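*Asks:* Below is the sequence, then the predicted model.
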Amino acid sequence: MTAPPPLLQPIHEDPYLLVLDKPAGLLCVPGRGEEKQDCLSARAMRQWPDALIVHRLDMGTSGLVVMARGIEMQRALSAAFAERRVHKRYEAVVDGRMPLHEDWSLIDTPLMADWPRRPLQKTDPAGKPSLTRWRALAFASSPGEPEATHVLLEPLTGRSHQLRVHLLSIGHPILGDALYGDAAVQARAPRLLLHASELGLVHPVTQQDLRWKSPSGFSLSRP
């Protein structure tokens with residue numbers, strides 16, 4: 001008999017919403033097939049029967065996820081995401097060297113589904129407007145070894161696989177990316193090195209300005 005998954009330890013819990021720290025490799029919602037029924041939403045509903053999904057992280061991405069408690073809160077939080085009233089920040093480790101500077105840079109590249117290769121996405125002038133801010137924190141370089149950069153990311157839009165495709169489009173795929181990285185990029189990490197490290201919003205009921213953080217565990221030394 002399979003042991004039940006461990007209980008979730010919420011980052012935040014109140015009568016209206018939850019903030020959870022999703023591990024890499026766990027789906028946010030059930031997939032197709034019996035083997036894909038274990039997921040963050042199913043685990044949350046075992047502990048909080050009124051828990052409802054609001055947004056998702058890719059299975060390979062770790063980090064902060066907010067869930068609503070009840071349908072009214074789900075509507076309120078979904079509206080906050082749709083209207084870009086939620087602060088989201090991610091960390092990633094990417095292939096190659098990105099310039100280190102204090103200012104944020106912007107990737108402004110439309111994205112659309114790559115229909116013959118679904119669920120992959122691609123850049124395309126006919127796609128939906130897609131914006132990502134980025135700022136490099138540190139890079140690592142060893143003789144004979146490929147370079148890597150630790151980068152902060154802020155998606156200003158919420159397209160599928162946006163961060164992964166945008167970074168690929170400027171020549172810096174995320175290490176461990178089994179969908180968009182070549183064999184060498186995949187082999188450099190045991191998982192997708194993408195983590196949702198900050199989440200912030202105004203609580204729909206209490207009107208408190210809340211912000212949560214989750215350390216990524218990614219670390220590269222400055223030169």
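*Replies:* Alright, I've got the coordinates.

*Asks:* which intervals of the chain have sub-threshold pLDDT?
*Replies:* Where the chain drops to pLDDT under 70, the residues are 1-2, 33-36, 221-223.

*Asks:* all helices for it, in order.
*Replies:* Using DSSP state H, the helices of the chain run over residues 40-47, 71-82, 162-169, 183-187.

*Asks:* Nearest to residue 143 among these would be which one?
*Replies:* helix 183-187 (17.6 Å; C-beta to C-beta). Glycine gets a C-beta too; all of them are placed from N, C-alpha and C.

*Asks:* how close does residue 76 get to residue 198?
*Replies:* 21 Å (C-beta to C-beta, to the nearest Å).

*Asks:* Take the helices of the chain and lay them out in TSV including distance to residue 23 and mean neighbour count.
*Replies:* As requested, the helices of the chain are exported to TSV (distance: least, C-beta to C-beta, whole Å; neighbours: other C-beta atoms under 10 Å):
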stretch	distance to residue 23	mean neighbour count
helix 40-47	9	17
helix 71-82	22	16
helix 162-169	18	23
helix 183-187	19	13
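
*Asks:* end-to-end on stretch 54-74?
*Replies:* Chord length of stretch 54-74, first to last residue, is 6 Å (C-alpha to C-alpha, to the nearest Å).

*Asks:* got the buried residues for that stretch?
*Replies:* Buried positions in stretch 54-74, judged by neighbour count with 16 or more other C-beta atoms under 10 Å: 54-69, 73-74.
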